Structures are given as C-alpha cells and as structure tokens.
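A.B. asks: what would the 3D arrangement of this be:
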Amino acid sequence: MGETADDGTCGQWQRVPEEIALRLGDVPGAAYEVPDEVTCALEAGHPGSHTAVLQGLGDDEIWLTWTVPKTAVATSCRADGLTCLLPTGHPGRHHVIMAEEIEDTGPYWAADRAELEALLAQN
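C.D. replies: Okay, here's the model as predicted:
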C-alpha cells in the first residue's frame, strides 16, 4: 500500500496493530473481517489524526485513528553542555548520556546539569 487514493480521500495507510485485529476479529455479530492495513477515510488535506473503520457492531463502528509520521532535520540538543539524545528545542527534560566517562553511562532524564549532577551523586 503506501499510496494515496484518487477519490478525494486522504488515503494515507496504516498497518492495523495485531493485538487490535485479534481482539476485533472474533467479536460476535461483527460486520467485517478486520483488515491488516487500512487507509484514511477522511477528505484529503484534513487536519489532525487519520481515521479508518475497522469493525461494525450493530449501528456502531469501531475506528482506528492515528497521526501522521513525519521526519524532520534538527540539530542535536546540547543545552547546558549536556549530551542530550533529543533534538534542539525539545519539550521537557533532557535525555542525557555521560560521554566523559570511559564508557558511556545513562541515559538519564534531567532538567539541567545541576539536576544531573545531583542524580549522579546519589548513585
């Protein structure tokens, strides 16, 4: 799959997680066979998550929703002289390895160098 549809729908595809397919495949009174892959049924260019029907039960349907995977080029975060494993500008704490050691240690979650040093002093 991986291609978009030409009928005005979004058409972005997603593999259905196996645990979801197994759970919905044996539901009594189910309307459909749960597919291995689905395509987004929303209009092309829609905002937010993608949506595809997985199963029908009476007057209700069960939908799979997912967000768009994307790639981005960003420099690595080196705030406060830390070796952070995340990109510059990331939210939350840094995910830090200690590369000054003979062998890398970590990773550790720390807001800044002071918190990291306090954490290391406890170990």
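A.B. asks: tell me which residues are up against stretch 21-32.
C.D. replies: Contacts to stretch 21-32, defined as C-beta atoms under 8 Å, 6 or more residues apart in numbering, come from residues 33-36, 53-58, 62. From N, CA and C alone the C-beta is placed, and that goes for glycine too.
A.B. asks: nearest to Thr9, of these?
C.D. replies: Nearest to Thr9 among these: Val53, at 12.2 Å, using C-beta to C-beta.
A.B. asks: name the nearest residue to that closest one, ignoring sequence neighbours.
C.D. replies: Nearest residue to Val53, sequence neighbours excluded (C-beta to C-beta, 6 or more residues apart in numbering): Glu61, at 5.1 Å.
A.B. asks: report the beta-bridge partners for the one you found.
C.D. replies: Beta-bridge partners for Glu61, by DSSP bridges, are Gly56.
A.B. asks: what's the burial count for it?
C.D. replies: Close neighbours of Glu61, defined as other C-beta atoms under 10 Å, add up to 12.
A.B. asks: circling back to that earlier point, from the contacts of stretch 21-32, which would you call buried?
C.D. replies: The neighbour-count test (16 or more other C-beta atoms under 10 Å) applied to the contacts of stretch 21-32 identifies 34, 54-55, 62 as buried.
A.B. asks: for the residue nearest to Val53, what are its contacts?
C.D. replies: Residues in contact with Glu61 (C-beta under 8 Å, 6+ apart) are 53-55.
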